[in-house]
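Enquirer: predicted model, plus sequence, below.
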Amino acid sequence: MMRPLGNGTFGDANDGVIQAGSRRYPNLPEEGATRLALSFVTVRYSDELEQNLMLSYCVRDPRNELIVVDNRDDVFFESLSQAFLSGIQRARHEIVVLVHEDVLLLPGWQAAFERSLSELERFDPEWGLLGTAGGTADGAPRGHWSDPHKYSKHFGDRPFDEVAWVDEHIMVLRRSDGALLDSLLPSIHNIGHDLSLTLRSRCRRIYVVDAPTIHKYADAAGRLIQTLPDSPKIRARTSLTWLAAKACSDDYLARKWHAVLATREEAPDASISEAERMRMGAPVILLARGGSGSRLLSRVCGQLFLGNEVSGSGDTLELAIPIYKAVIAKYRCRTAGQAERSSQEIERAAYRMLERAGFPARWGFKLPEAMLLVDELAAAFPCARFMFLVRDPISTCLRRTHMTARLDNEIGRALLPVAYSHVGRRIDAILQDSPAEHMAFTTIHQIEMVIQFLRRLPPARHFTVRFEDLLGKPRVTEERVTAWLDDVALGLRTPVRPSPLEREIDLHRAAHPVVAYPEVVQRHVAALLEPLRRQLGYAA
């Protein structure tokens with residue numbers, strides 16, 4: 001027998017399973033009466049909504065209600081919990097189904113759900129939370145679903161199972177139970193675990209029911225997701241920004257529930273001892289806007305140890321995760337003590353980096369995102385010195401964009417709304433503005449933040465380098481930098497020596513960016529940047 005899968009693709013149905021390409025899907029009978037009116041709540045993050053959930057028969061049933069919360073690219077809400085709460089407040093029906101945009105519910109899903117629910121309610125009419133996938137306390141999977149990992153069905157002789165937690169791709173709760181979601185839970189992660197723990201703390205039980213779901217059915221272009229690499233969202237899970245956002249959420253969950261979780265403990269104190277701190281010494285922190293040519297700043301500071309793992313752009317990779325995590329925590333987490341913990345984690349990561357290298361006498365680090373954490377870095381390293389690279393903002397903003405100005409990563413999605421608020425521009429304009437405008441507004445925000453910070457420091461603790469001087473007079477600029485670094489090194493002087501900096505300078509690259517914008521965009525960006533250019537001495 002051949003069965004359609006929502007958008008018109010077909011597969012063979014055998015033994016209760018549909019095989020389509022390399023992926024297996026649940027096979028449901030389409031017939032079956034339904035009696036409930038359901039409120040489906042989903043959050044629009046991308047165009048995957050049209051290719052997945054909107055193809056589902058039950059969400060289009062006029063008896064039911066579909067509430068779509070607009071949070072494209074995470075612009076309007078800081079977390080998925082906040083977006084879902086907004087939708088729950090609009091729900092009319094008692095049974096509320098929180099469902100991700102990339103879930104497909106086959107014809108017959110609601111009938112299967114109601115059959116399972118009917119049997120469950122004879123057993124436990126006071127259930128707290130339902131899902132279709134989850135796990136027991138000892139880690140055993142339960143439920144019935146298909147995702148790019150595999151097809152899974154784990155039920156015994158009844159169409160429900162008690163679990164310790166449910167996967168958040170679909171969660172069913174009662175509207176009368178009130179606001180169960182935690183608005184402070186950061187990022188998109190751990191909602192199912194947190195909800196499960198909340199209900200269990202109220203002596204309510206958690207179940208998966210036999211109403212199978214298809215998770216990550218198709219991408220935004222409608223192409224079927226057959227394997228893990230087919231899904232852009234799954235591919236993103238290897239990025240450092242995704243891992244940092246997940247770490248923020250994991251830390252929050254562990255601290256919130258450490259008293260009731262037998263298998264997890266509160267995150268340990270990340271601070272280091274005073275003896276360890278003395279052994280580290282004071283770093284030189286290199287501050288530069290991403291995309292401003294900061295690679296040359298790392299080269300001119302070659303006498304500093306910048307890490308055991310340094311990227312081609314001179315970035316200190318060993319500090320990437322703690323710094324990214326601190327940025328997300330600062331701009332997307334609202335819990336007490338978060339800034340202090342971020343400073344401690346960065347300090348501890350730096351200690352491990354230096355320990356691995358045998359504690360070099362002169363050290364520092366560079367990551368463009370450090371500009372967003374100047375106060376936290378000053379707390380982590382109270383004696384640190386700061387070297388700031390400035391460049392004409394027009395040339396920076398009319399080049400290739402930096403990740404802090406893009407919506408394709410967790411850092412950019414956290415920072416763009418902050419930058420727009422900083423300049424007094426509407427948040428929803430982010431979705432219409434050009435990449436050059438994104439660069440302009442984030443550049444204004446980041447550089448003005450650093451300028452204000454440096455004004456609070458004694459003159460001896462900061463030093464400004466112009467990118468144009470690195471290009472135009474590299475030898476003189478390097479001598480100035482070396483002299484300042486020698487003073488910073490508390491008497492550990494080395495003679496100024498010729499360096500290969502001049503050979504590293506690519507004047508053609510600086511003058512001919514890869515990305516070219518129309519003249520009207522260039523004029524608009526120049527007008528936006530005029531006040532900042534005056535502050536930096538690039539305009540009269």
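Expert: Structure's in. What do you need? Numbering: from 1, shown residues only.

Enquirer: tell me who's in contact with the closest residue to Tyr324 other than its chain neighbours.
Expert: Nearest non-adjacent residue to Tyr324, counting by Cβ to Cβ, 6 or more residues apart in numbering: Ala244, 3.6 Å away. Heads up, the C-betas are built off the backbone N, CA and C, glycines and all. If you count contacts by Cβ atoms under 8 Å, 6 or more residues apart in numbering, Ala244 has them with Ile321, Tyr324, Lys325, Val327, Ile328, Glu410, Ile411.

Enquirer: now Leu173
Expert: Counting by Cβ under 8 Å, 6+ apart, Leu173 touches Val96, Leu98, Gly128, Leu129, Leu130, Leu180, Leu195.

Enquirer: and the last one, what helix or strand is that in?
Expert: Per DSSP states H and E, Leu195 falls inside helix 191-201.

Enquirer: residues contacting stretch 281-288, please?
Expert: Taking Cβ under 8 Å, 6+ apart as the rule, stretch 281-288 contacts 294, 297-298, 301, 304, 350, 359, 361-366, 368, 370-371, 374, 377, 381, 383-389, 450, 485, 488.

Enquirer: I'd assumed Arg23 was in contact with Val17.
Expert: No - the criterion here is Cβ atoms under 8 Å, and Val17 misses it with Arg23 at 10.4 Å.

Enquirer: settle it for me: which of these two has more neighbours?
Expert: Shown here are Val17 and Arg23; by other Cβ atoms under 10 Å, Arg23 has more neighbours (22 against 16).

Enquirer: correct me if wrong: that one contacts Pro148.
Expert: Yes - under the criterion of Cβ under 8 Å, Arg23 makes contact with Pro148 at 7.1 Å.

Enquirer: so where's the chain shaky on pLDDT?
Expert: Along the chain, the model assigns pLDDT under 70 to residues 1-15, 259-270, 488-514, 540.

Enquirer: which SS class is the residue nearest to Val521 when sequence neighbours are not counted?
Expert: In space, and not counting its chain neighbours, Val521 is closest to Ala436: 5.3 Å by Cβ to Cβ, 6+ apart. Put simply, Ala436 is helix when judged by DSSP: H, G, I helix; E, B strand; the rest coil.

Enquirer: quick one: Ala436 from Ala405, how far?
Expert: 9 Å (Cβ to Cβ, to the nearest Å).

Enquirer: residues near Glu355, how many?
Expert: 12.

Enquirer: check which helix or strand covers it.
Expert: helix 338-356.

Enquirer: tilt between the helix or strand encompassing Asp250 and helix 338-356?
Expert: Per DSSP H and E: Asp250 is located in helix 240-257. On the basis of axes from the mean of the first three to the mean of the last three Cα atoms, to 10 degrees, helix 240-257 is oriented at 120 degrees to helix 338-356.

Enquirer: what residues of helix 240-257 count as buried?
Expert: 240-253, 255-257 (16 or more other Cβ atoms under 10 Å).

Enquirer: could you do stretch 172-179 as well?
Expert: In stretch 172-179, counting by 16+ other Cβ under 10 Å, buried: Val172, Leu173, Arg174.

Enquirer: in a helix, the first one, correct?
Expert: No - with the criterion set as three-state DSSP, the secondary structure at Val172 is strand rather than a helix.

Enquirer: what's it in contact with, if anything?
Expert: Ile95, Val96, Val97, Leu98, Phe113, Leu129, Leu130, Gly131, Val209.

Enquirer: same check on Glu437?
Expert: So, once contact is read as Cβ under 8 Å, 6+ apart, Glu437 ends up touching His524, Val525, Leu528.

Enquirer: which one of those is nearest Leu415?
Expert: Set against Leu415, the nearest of the contacts of Glu437 by Cβ to Cβ is Leu528 (16.9 Å).

Enquirer: not counting sequence-adjacent ones, nearest residue to that closest one?
Expert: Counting by Cβ to Cβ, 6+ apart, the residue nearest Leu528 is Ala440, at 4.6 Å.

Enquirer: wait, that neighbour touches Ala527, no?
Expert: No - using Cβ under 8 Å, Ala440 is not in contact with Ala527; the gap is 9.5 Å.

Enquirer: higher neighbour count, those two?
Expert: Just comparing Ala440 and Ala527: by other Cβ under 10 Å the higher neighbour count belongs to Ala440, 27 against 10.

Enquirer: can you verify the more buried one is assigned to a helix?
Expert: Yes - judged by three-state DSSP, Ala440 forms part of a helix.

Enquirer: what sits against the nearest residue to Phe467 once chain neighbours are set aside?
Expert: Nearest residue to Phe467 in three dimensions, chain neighbours excluded: Arg391, at 3.7 Å (Cβ to Cβ, 6+ apart). For Arg391, the contact set (Cβ under 8 Å, 6+ apart) comprises Arg289, Ser292, Gly293, Arg466, Phe467, Glu468.

Enquirer: can you tell me how far Leu197 is from His154?
Expert: From Leu197 to His154 the distance is 22 Å (Cβ to Cβ).

Enquirer: ignore the last one, Gln452
Expert: Applying Cβ to Cβ to Gln452 and His154 gives a distance of 56 Å.

Enquirer: what does Arg523 give?
Expert: For Arg523 relative to His154 (Cβ to Cβ), the value is 61 Å.

Enquirer: the two - which one has more neighbours?
Expert: Higher neighbour count among Arg523 and His154: His154, with 18 against 11, using other Cβ under 10 Å.

Enquirer: show me the helices in the stretch 301-450 of the chain, by range?
Expert: Under the criterion DSSP state H, counting those that start in this stretch, the stretch 301-450 of the chain contains helices at 320-332, 338-356, 374-380, 393-397, 410-423, 435-455.

Enquirer: check which residues of the fifth one are buried.
Expert: The one in question is helix 410-423. In helix 410-423, counting by 16+ other Cβ under 10 Å, buried: Glu410, Ile411, Gly412, Arg413, Ala414, Leu415, Leu416, Pro417, Val418, Ala419, Tyr420, His422.

Enquirer: that one packs against which elements?
Expert: Judged by 3 or more Cβ pairs under 8 Å, 6 or more residues apart in numbering; DSSP states H and E, helix 410-423 is in contact with helix 240-257, helix 320-332, helix 435-455.

Enquirer: likewise the shortest one?
Expert: Applying 3+ Cβ pairs under 8 Å, 6+ apart, one finds that helix 393-397 contacts helix 435-455, helix 519-536.

Enquirer: tell me which residues are up against that helix.
Expert: With contact meaning Cβ under 8 Å, 6+ apart, helix 393-397 is reached by 289, 291-292, 436, 439-440, 443-444, 447, 510, 513, 522, 525-526, 529, 532-533, 536, 538.

Enquirer: so among those, which ones count as buried?
Expert: For those, buried by 16+ other Cβ under 10 Å: 289, 291-292, 436, 439-440, 443-444, 447, 510, 525-526, 529, 532-533, 536, 538.

Enquirer: Leu98: what secondary structure?
Expert: Per three-state DSSP, Leu98 ends up strand.

Enquirer: residue contacts, it?
Expert: Contacts of Leu98 by Cβ under 8 Å, 6+ apart are Val41, Thr42, Phe84, Gly87, Ile88, Glu168, Ile170, Met171, Val172, Leu173.

Enquirer: how many degrees apart are the particular helix or strand that has the second one in it and strand 170-174 in direction?
Expert: Thr42 is part of strand 38-44, with elements assigned from DSSP H and E. With the same axes, to 10 degrees defining the directions, strand 38-44 sits at 130 degrees from strand 170-174.
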